[in-house]
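**Q** no sequence on this one, just coordinates:
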């Protein structure tokens with residue numbers, strides 16, 4: 001484990017320093033250009049690009065017929081799932097569904113305005129959603145649950161899943177089982193940036209979607225960023241992050257376990273521990289280094305520490321850093337939680353391990369990273385829905401509104417906009433409807 005100590009320089013300056021340190025692990029000067037090239041290849045060559053890129057980047061040779069996975073394979077994977085794993089996935093699915101349903105949109109709202117017009121705002125689901133479930137270092141059936149269930153609750157008609165192929169040319173059995181459990185409509189054995197572009201642009205085998213969601217490495221997230229506009233996306237969701245605020249009563253072994261757990265996502269995932277007391281930080285670092293040394297999968301973890309003047313500063317740092325996960329392992333955690341404004345998900349109290357949120361708590365683990373919690377939040381049904389406004393303007397309302405519309409239009413240099421409004425006012429006046 002590599003530990004980096006940062007001195008307190010104020011919330012914003014310290015957050016910027018830690019963020020710069022975190023970016024070092026994922027910086028790649030060629031990333032943007034390479035992802036752009038992959039996007040161009042998929043856009044121009046479709047399936048052929050997917051096949052070539054899968055062989056070059058994933059080391060798996062596929063035929064066009066094997067890009068789309070037989071739905072029967074998913075059902076068979078679900079039936080063959082270890083009973084304890086299936087029970088756990090079903091519990092997770094039920095909790096995720098309950099939280100998603102609590103976020104389901106209300107009925108259309110109509111606002112009656114003083115001039116006599118009405119504006120009705122209603123929500124409709126997108127027709128097709130694409131889900132990215134990571135593979136490679138590990139497989140993520142939990143991501144299938146986290147993405148597909150909110151999409152279903154939102155009312156999406158068609159859900160397409162992409163996930164990297166294993167050596168046998170299919171996504172892992174656990175991914176397939178989760179897809180069957182969520183009644184995903186289509187499954188494609190494609191991963192990486194090319195999978196995101198395949199969903200966004202469409203190919204001969206993959207029909208294009210309206211929204212692409214899901215976590216992934218920097219290549220996947222860069223592809224989502226570049227595909228935005230062609231499709232909607234959830235947020236910049238990866239690599240994973242954890243910030244932990246510790247107090248004098250924090251169990252250092254528990255804190256170390258939480259840090260190492262998040263480090264399983266890879267050395268690109270920044271870990272940050274904050275405390276008022278230096279002794280608390282030192283104790284957690286010591287336990288984390290021991291734990292990481294005993295667990296090869298997290299030996300390369302990167303951990304930063306910051307000693308802050310007081311807990312108010314700790315929360316200010318959290319709000320400036322905007323971590324994906326924030327654990328408040330301090331005795332006043334419940335009081336502090338309301339002051340957090342930018343974290344993707346806040347875990348309150350000593351029992352609030354991020355691992356619960358990753359799997360079974362019911363909250364969603366597709367969360368904004370890389371400081372995007374300043375403007376984005378957890379994946380939910382709202383990501384898969386779009387708003388439509390319906391405006392009804394009676395003649396009398398048009399007569400009242402037109403002069404004001406005309407004034408603003410002329411101020412903006414669009415006089416014909418004003419004319420368009422004023423002819424309604426003149427018509428209403430002639431007909432005595434003012």
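**A** Here it is on my side, so go on. Everything numeric in this text was worked out from a predicted model, so none of it was measured. Numbers count the residues shown, from 1 in each chain.
**Q** Now for the residue lying closest to residue 150 once chain neighbours are set aside: which residues touch it?
**A** The shortest distance from residue 150 to any non-neighbouring residue, by CB to CB, 6 or more residues apart in numbering, is to residue 100 (4.4 Å). (Each C-beta comes from the backbone N, C-alpha and C, glycine too.) Counting by CB atoms under 8 Å, 6 or more residues apart in numbering, residue 100 touches 149-150, 153-154, 364, 380-381.
**Q** so where is the chain shaky, pLDDT-wise?
**A** 27, 136-137, 428, 430, 433-434 (pLDDT under 70).
**Q** beta partners for residue 162?
**A** residue 132, residue 188 (DSSP bridges).
**Q** how far away is it from residue 131?
**A** According to CB to CB, to the nearest Å, residue 162 and residue 131 sit 7 Å apart.
**Q** Scan the contacts of residue 100 and report the most crowded one.
**A** Counting neighbours by other CB atoms under 10 Å, residue 150 leads the contacts of residue 100 with 30 neighbours.
**Q** how about that one, what does it touch?
**A** Applying CB under 8 Å, 6+ apart to residue 150 gives the contacts 96, 100, 103, 364, 379-381, 383-384.
**Q** Kindly provide the distance from it to residue 394.
**A** In terms of CB to CB, residue 150 sits 39 Å off from residue 394.
**Q** do residue 373 as well
**A** For residue 373, the distance to residue 394 (CB to CB) stands at 44 Å.
**Q** Comparing these two, which shows the higher neighbour count?
**A** The residue with more neighbours, out of residue 373 and residue 394 and counting by other CB under 10 Å, is residue 373; that gives 27 against 14.
**Q** residue boundaries of the strands in the stretch 101-250 of the chain?
**A** 109-112, 118-125, 128-132, 158-162, 186-188, 211-213, 232-233, 242-246 (DSSP state E, counting those that start in this stretch).
**Q** What is the fifth one packed up against?
**A** Read it as strand 186-188. Counting contacts by 3 or more CB pairs under 8 Å, 6 or more residues apart in numbering; DSSP states H and E, strand 186-188 packs against helix 71-79, strand 158-162.
**Q** that older thread, which of the contacts of residue 150 fall in helices?
**A** 96, 100 (DSSP state H).
**Q** so how far does stretch 239-250 reach from one end to the other?
**A** One end of stretch 239-250 sits 26 Å from the other (CA to CA, to the nearest Å).
**Q** just how off-centre is that stretch within its chain?
**A** Taking CA atoms, centre = their mean, to the nearest Å, one finds the center of stretch 239-250 at 21 Å from the center of the full chain.
**Q** got it, and stretch 241-254?
**A** For stretch 241-254, the distance to the chain centre is 25 Å (CA atoms, centre = their mean).
**Q** Likewise for stretch 389-404?
**A** Distance, stretch centre to chain centre, for stretch 389-404: 40 Å (CA atoms, centre = their mean).
**Q** Buried residues of it, list them for me.
**A** 393, 395, 397-402 (16 or more other CB atoms under 10 Å).
**Q** one step back: just name the most buried of the helices and strands packed on strand 186-188.
**A** Most buried of the helices and strands packed on strand 186-188 by mean neighbour count (mean count of other CB atoms under 10 Å) is strand 158-162; its value is a mean of 24.
**Q** residues making contact with it?
**A** Here strand 158-162 makes contact (CB under 8 Å, 6+ apart) with 127-133, 144, 148, 151-152, 171, 175, 179, 182-188, 190-191, 195-196, 198-199, 206-207, 209.
**Q** Type out the ChimeraX command that picks the buried ones from those residues.
**A** Selecting only the buried entries of the contacts of strand 158-162 in ChimeraX, with 16+ other CB under 10 Å as the criterion:
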select :128,129,130,131,132,133,144,148,151,152,171,175,179,182,184,185,186,187,188,190,191,195,196,198,199,206,209
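**Q** Reformat the contacts of residue 100 as a markdown table; add distance to residue 318.
**A** Converted to a markdown table, the contacts of residue 100 look like this (distance: CB to CB, whole Å):
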| residue | distance to residue 318 |
| --- | --- |
| 149 | 28 |
| 150 | 26 |
| 153 | 30 |
| 154 | 30 |
| 364 | 20 |
| 380 | 22 |
| 381 | 27 |
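**Q** Could you measure from the spatially closest residue to residue 243 that is not a sequence neighbour over to residue 268?
**A** In space, and not counting its chain neighbours, residue 243 is closest to residue 323: 3.8 Å by CB to CB, 6+ apart. Shown here: residue 323 relative to residue 268, a distance of 15 Å by CB to CB.
**Q** Compare the two (neighbour count), which wins?
**A** The residue with more neighbours, out of residue 323 and residue 268, is residue 323; 32 against 18, by other CB under 10 Å.
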